[in-house]
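Participant: My questions concern the predicted model and sequence given below.
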Amino acid sequence: MAIVARRMRPDEWTPSGVEALEANALIVVKSDDHRSVIAGPGAGKTELLAQRAAFLLQTGATPVPQRILAISYKRDAAINLATRVRQRCHQNHASRFDSMTFDAFAKGLVDRFGQILPERWRPRPDYEIMWTNYDLFSDFLQRQVGLPPPDIGTMADIQAITVKAFERHHLVGRPLPVDGWRKPTPTEWAADRFWQSSLHAGEKTKLSFPMIGRLAELLLRLNPMARDALRLTYSHLFMDEFQDTTQVQYDLVKTIFMGTNTVITAVGDNKQQIMRWAMAMDDPFAAFDANFGATRTPLYHNYRSSPELVRIQHSLAQALDPTSVEPVSKAKHAIDGASCTIWEFLTPQIEAARLAAFIASEMKSLGLGPRDFVLLIRQRPDRYANVLEPAFQAAGLALRNEASMIGAVTLQDLLPDEASRLVVGLIRLAMTPRAGRYWSECQEALRTLRGIGAEDKAAQVRFARELDAFAINLAKRHPAPPADRVQTVALVREVITFIGPDRLLAAHPAYAQGNWLGKILQATILHLTASAAGALDWAKALDTYEGVHAVPLMTIHKSKGLEYHTVIFVGLDDDAWRRSFIEDRIEAAAGLFVAFTRAKQRVLFTYCARRGTRVVIDSFYQLILGCGVKMLFVP
Ligand SMILES: Nc1ncnc2c1ncn2[C@@H]1O[C@H](COP(=O)(O)OP(=O)(O)OP(=O)(O)O)[C@@H](O)[C@H]1O
């Protein structure tokens, strides 16, 4: 469908980018009431939000000058959704879609209005972000908190507070009382001590993101004008991955939007809740339905996985939620042999060699690329990479640990990032002889960033000439990949100046949070320098940058939202799972579910006695074997 700037009637509107939406998805896209959409993996939840944004903006259901606010849990998800909307909507429409993380949203409020908070809660304007962990709270409770006044409690009361409960239940567990706690309990007293010392004691105020969320909620409670401005600005609110919402985030949304005209759409999947350790609520959907009177609308399709995988997924899903309904697979079965098997090996070395040989042979017989496969690991991927990498190399394959850090960013955050992709796209456009694909991709992305409309032919022609000239000059100045960091810095600076950092920041507010754009560009420079080292030409350097020829290896957490032809889960054993299994069995099972559901055609689990037993996680084995999955010893 053409991307049009004009307004269209709701009955004229059709989805773009996909052939059709299932009936319930279309109902949600066009709905004018609060909806909670709980749907399984691959059901097209993120796609639904992108389509709904297009519908609301193109039909005028979000009338000018009102906007849509989309809040995601993760930065890459926020950018991904904004990009999808920009691909479907004219710039005039897409510019009224604000996609950001909860943290960026709350921080923006505190930065703008924080100084109106009462003195006891007021951060200094130059406050810093505090990254909290178990040790920090443990140290506070054991050493720094001090003795409570006798009318409040005793040291024994303070010692009875567990570190685990302190942040979640006491520090940020409830909305902040404007004037502090009148008659504090010992836990409230300890929480207040933490707040006051973080806000006022040091040279600079230090705040964690959950604390910022609580302050944002308080300031909007105290400042009806700021709150009303948000209500009037946003006709619609979207919340993606809603299963990961924390109480802090939920209370903020409630304070702003409950009982107003802003229509909320929350999508997610309880069975993929793997952020309980990061304070996700137990059942945010139930709270949302009850507080906002939302209509729950399930989706029944799975556009990702083959029918056999969907059947097994459903058995796993039922272990997490006995009421879950089996989805209908809309994907075709396209492999020979079993869709899922557990492979047993004697040693990690044999395992590495057999996996490499398997992938090499599948690539050949099915015409697949290395990135159609993924190796998933529960934790500490570098330990596994050390054994797997040499075996892959011996089989003529490259393996890449996508969880590795490039400066302050993981490789996996860097690659799909729009700024990194534009830099690489522009370099490819300049350095590739027949650059047709890169030409149209760059043109489209940059025209959108510059606000050049599809019907403004004169501006398009001017921009096409500008892009041409830029590419020709870039190729002249940098005929070969950079030999060192200094050359890379000069190159990336040229490219990013052409793109316009301000345009990127305006299109994606998430870039402003914690100087994310700066970190991405630093990582781009580091990674490009490393990829160019020893590369004979630009094509090789950029292929290495993008990992075009490497099989990715990553943790389950990093695989969320992604999809692959074949998922190989390495290490289904106690060694990898014991800790998470003992700490939170449901979350561990949700992790297994997330890993399994990334696959389109095949899942392999591997077990290797040399690495660990399978006693603690025996129930996982029973569950998987109970789905009819076979175990196979691979010599
Ligand atoms: N209506 C549709 N028709 C065809 N393909 C679709 C449709 N909706 C989504 N898809 C495709 O299905 C896959 C999964 O979509 P999406 O990522 O939106 O699902 P999701 O529900 O958010 O998944 P998950 O929760 O597992 O991350 C993607 O490849 C997407 O392009």
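Facilitator: Cool, the structure landed.
Participant: interface residues of the stretch 451-600 of the chain facing the ligand?
Facilitator: Gly561, Glu563, Thr597 (C-beta under 6 Å from any ligand atom). No exception for glycine: its C-beta is placed from N, CA and C like everyone else's.
Participant: Looking at the residues you listed, which is nearest Arg6?
Facilitator: Using C-beta to C-beta, Gly561 comes nearest to Arg6 of those, at 33.2 Å.
Participant: Of the residues of the stretch 451-600 of the chain next to the ligand, keep whichever come out buried.
Facilitator: Buried by 16 or more other C-beta atoms under 10 Å: Gly561, Glu563, Thr597, out of these.
Participant: So the second one sits against Lys600, correct?
Facilitator: Yep, that's Glu563 we're talking about. Yes: with contacts counted by C-beta atoms under 8 Å, Glu563 reaches Lys600, the gap being 6.0 Å.
Participant: Quick check: neighbours shared by those two?
Facilitator: Contact criterion C-beta atoms under 8 Å, 6 or more residues apart in numbering; residues bridging Glu563 and Lys600 by contacting each: Arg304.
Participant: Please, where are all the strands along the stretch 251-400 of the chain?
Facilitator: 263-268, 295-296, 301-302, 328-329, 340-345, 373-377, 398-401 (DSSP state E, counting those that start in this stretch).
Participant: Tell me which strands the second one pairs with, and in which orientation.
Facilitator: According to DSSP bridges, the neighbouring strands of strand 295-296, each with its direction, are strand 35-38 (parallel).
Participant: after the strand it pairs with comes which helix or strand?
Facilitator: Note on strand 35-38: by DSSP states H and E, the next helix or strand toward the C-terminus is helix 45-58.
Participant: Would you mind measuring the gap between the ends of stretch 426-437?
Facilitator: End-to-end distance for stretch 426-437, by C-alpha to C-alpha, to the nearest Å: 11 Å.
Participant: Can you mark which positions in it are buried?
Facilitator: Leu426, Ile427, Arg428, Leu429, Ala430, Met431, Thr432, Ala435.
Participant: measure the fifth one to Ala334 for me?
Facilitator: It stands for Ala430. 37 Å (C-beta to C-beta, to the nearest Å).
Participant: Then the first one?
Facilitator: Between Leu426 and Ala334 the computed distance is 35 Å (C-beta to C-beta).
Participant: Ile496 reaches Val423, doesn't it?
Facilitator: Yes: counting by C-beta under 8 Å, Ile496 touches Val423, with 6.6 Å between them.
Participant: Settle it for me: which of these two has more neighbours?
Facilitator: A count of neighbours by other C-beta atoms under 10 Å puts Val423 above the other of Ile496 and Val423, at 24 against 18.
Participant: What is the burial count for the nearest residue to that one once chain neighbours are set aside?
Facilitator: In this structure, Val423 finds its nearest non-sequential neighbour in Val495, 5.1 Å apart by C-beta to C-beta, 6 or more residues apart in numbering. Neighbour count for Val495, taken as other C-beta under 10 Å: 22.
Participant: Now Val495: which helix or strand?
Facilitator: Secondary structure from DSSP H and E places Val495 in helix 485-499.
Participant: Using PDB, list the CA coordinates for that helix.
Facilitator: Coordinates of each C-alpha in helix 485-499 appear next as PDB, following Å, rounded to 0.1, in the frame of the first residue of the first chain:
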ATOM      1  CA  ARG A 485      40.900   4.100  14.900                       C
ATOM      2  CA  VAL A 486      41.800   7.700  13.800                       C
ATOM      3  CA  GLN A 487      40.700   6.900  10.300                       C
ATOM      4  CA  THR A 488      37.500   5.300  11.500                       C
ATOM      5  CA  VAL A 489      36.600   8.300  13.700                       C
ATOM      6  CA  ALA A 490      37.000  10.600  10.700                       C
ATOM      7  CA  LEU A 491      34.900   8.400   8.500                       C
ATOM      8  CA  VAL A 492      32.100   7.800  11.100                       C
ATOM      9  CA  ARG A 493      32.000  11.600  11.900                       C
ATOM     10  CA  GLU A 494      31.500  12.400   8.200                       C
ATOM     11  CA  VAL A 495      28.700   9.900   7.800                       C
ATOM     12  CA  ILE A 496      26.900  10.800  11.000                       C
ATOM     13  CA  THR A 497      27.200  14.500  10.100                       C
ATOM     14  CA  PHE A 498      25.400  13.800   6.900                       C
ATOM     15  CA  ILE A 499      22.700  11.800   8.600                       C
END
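Participant: hang on, the earlier thing: what's the closest of the buried ones among the residues of the stretch 451-600 of the chain next to the ligand to the ligand?
Facilitator: Comparing these against the ligand with C-beta to the nearest ligand atom picks out Gly561 as the nearest, at 4.3 Å.
Participant: need the buried residues of stretch 426-437 in CSV with pLDDT, distance to Thr295 and secondary structure, can you?
Facilitator: Formatted as CSV, those follow (pLDDT from 0 to 100; distance: C-beta to C-beta, whole Å; DSSP: H, G, I helix; E, B strand; the rest coil):
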residue, pLDDT, distance to Thr295, secondary structure
Leu426, 96, 45, helix
Ile427, 96, 48, helix
Arg428, 95, 46, helix
Leu429, 94, 47, helix
Ala430, 95, 51, helix
Met431, 93, 52, helix
Thr432, 88, 50, coil
Ala435, 77, 48, coil
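Participant: Considering the residues you listed, which is situated nearest to the ligand?
Facilitator: Distances from the ligand to the buried residues of stretch 426-437, taken as C-beta to the nearest ligand atom, are shortest for Arg428 (23.7 Å).
Participant: Distance of the closest one relative to Val409?
Facilitator: 21 Å.
Participant: And Thr524, by the same measure?
Facilitator: Distance of Thr524 to Val409, given as C-beta to C-beta: 9 Å.
Participant: Could you check which of those two has the larger neighbour count?
Facilitator: Counted by other C-beta under 10 Å, Thr524 and Val409 do not tie: Thr524 has more neighbours, with 26 against 21.
Participant: isn't that one right up against Leu414?
Facilitator: Yes: between Thr524 and Leu414 there is a contact at 7.0 Å, judged by C-beta under 8 Å.
Participant: which stretch of helix or strand covers Tyr621?
Facilitator: Residue-wise, Tyr621 maps onto helix 618-626 under DSSP H and E.
Participant: now the following helix or strand past that helix: mean pLDDT?
Facilitator: The helix or strand immediately downstream of helix 618-626 is strand 630-633, counting by DSSP H and E. Per-residue pLDDT values across strand 630-633 average out to 96.
Participant: Go through strand 630-633 and flag the buried ones.
Facilitator: Buried residues in strand 630-633, counted by 16+ other C-beta under 10 Å: none are found.
Participant: Distance from it to the middle of the chain?
Facilitator: From the chain centre to the centre of strand 630-633 is a distance of 34 Å (C-alpha atoms, centre = their mean, to the nearest Å).
Participant: contact partners of it?
Facilitator: So strand 630-633 is contacted by Ala338, Thr341, Ile342, Trp343, Glu344, Leu625 (C-beta under 8 Å, 6+ apart).
Participant: Need the nearest residue in space to the first one, chain neighbours excluded.
Facilitator: Distances taken as C-beta to C-beta, 6+ apart place Lys630 nearest to Ala338, at 6.6 Å, with adjacent residues excluded.
Participant: related to what we said a few turns ago, using pLDDT, spot the least trustworthy of the buried ones among the residues of the stretch 451-600 of the chain next to the ligand.
Facilitator: Gly561 (82).
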